[in-house]
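**Student:** okay, here's the prediction I keep looking at, along with the sequence it came from:
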Amino acid sequence: MRILVVEDEKALAKLVSDRLKRDHYTVDISNDGEDGLNNALSGMYDLIILDIMLPKMDGIKILQELRKENKEVKVIMLTSKAELEDRLLGFQSGANDYVPKPFHIDELAARVNAQLNIGKAVESILEFGDIILDYRSSKIKCTSSGEDVGVNNKEFQLIEYLMQNSDRILSKEMIYDRVWGMDSDAISNNLEAYMSFVRKKLRVIESKVTIKSIRNMGYKLEIGE
């Protein structure tokens, strides 16, 4: 899943981003209101963490403009303006949750997970063929062999994206955008390297699932014999 953090305090934005990446989210950052609105309107995000006090355009205006176009994306307001009237204005403008500063970073992560119903995903895990992606342990498990192997953050996001889209071919551009993010300086070798890492781990656990390269098109999961 993909999250946009609209926050002008760069150190805080990085802190939030780093914490959410530990939960296997792809995170992008905007440091001013105009950039935040443009990104928010792209339709790329499952959730937006939105500060109110921003340069160029305040968060309430961003939220109001966003809700004209997108009623579904979850929005958590993150701000030092914690008076009742400020919270009410945020909710009236379409916010799903409101976290006043200062806050504990793990509480924010918990609120993000709650908005995205990650608790349900953790209980049901993710399955394809004979592999299970375990959100709690960050492991891929093979039901055929009983073996499992740990995966790092990028490997987790890569196999998760492939499993969530097992019925279609994912282009390199789609994978870059989802796993590395729009501001990433990732290059082709990065993707090939991580594909190789995940393929090796699938072989280590003796899974029948393979990642097939489709010439000039992209990648797709397949179940072998």
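**Tutor:** Good, I have the coordinates.
**Student:** neighbours of the residue lying closest to residue 177 once chain neighbours are set aside, just the number please.
**Tutor:** Among residues not flanking residue 177 along the chain, residue 44 sits closest, at 7.8 Å (CB to CB, 6 or more residues apart in numbering). For the C-beta atoms, the positions are set from N, CA and C on the backbone; glycine is no exception. Residues lying near residue 44 (other CB atoms under 10 Å) number 16.
**Student:** quick one: low-confidence ranges for the protein?
**Tutor:** Residue ranges of the chain with pLDDT under 70: 81-84, 118-124, 181-189.
**Student:** could you point out the longest helix of it?
**Tutor:** Across the chain, the longest stretch assigned as helix under DSSP state H is helix 188-204.
**Student:** what's in contact with it?
**Tutor:** Helix 188-204 has contacts (CB atoms under 8 Å, 6 or more residues apart in numbering) with 131, 140, 147, 149, 151, 154-155, 158-159, 172, 175-176, 179-180, 209-211, 213, 219.
**Student:** buried members of those into ChimeraX, please.
**Tutor:** Here the buried members of the contacts of helix 188-204 are turned into a ChimeraX selection, burial being counted by 16 or more other CB atoms under 10 Å:
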select :131,140,149,151,154,155,158,159,175,176,179,180,209,211,219
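**Student:** among the contacts of helix 188-204, which lie within strands?
**Tutor:** Of these, the ones assigned to strands by DSSP state E are 131, 140, 149, 209, 210, 211, 213, 219.
**Student:** the fourth one contacts residue 128, correct?
**Tutor:** The one in question is residue 209. Yes. Counting by CB atoms under 8 Å, residue 209 touches residue 128, with 6.4 Å between them.
**Student:** helix/strand/coil for residue 53?
**Tutor:** Of the three states, residue 53 takes coil under DSSP: H, G, I helix; E, B strand; the rest coil.
**Student:** how many neighbours does it have?
**Tutor:** Residue 53: 14 surrounding residues under other CB under 10 Å.
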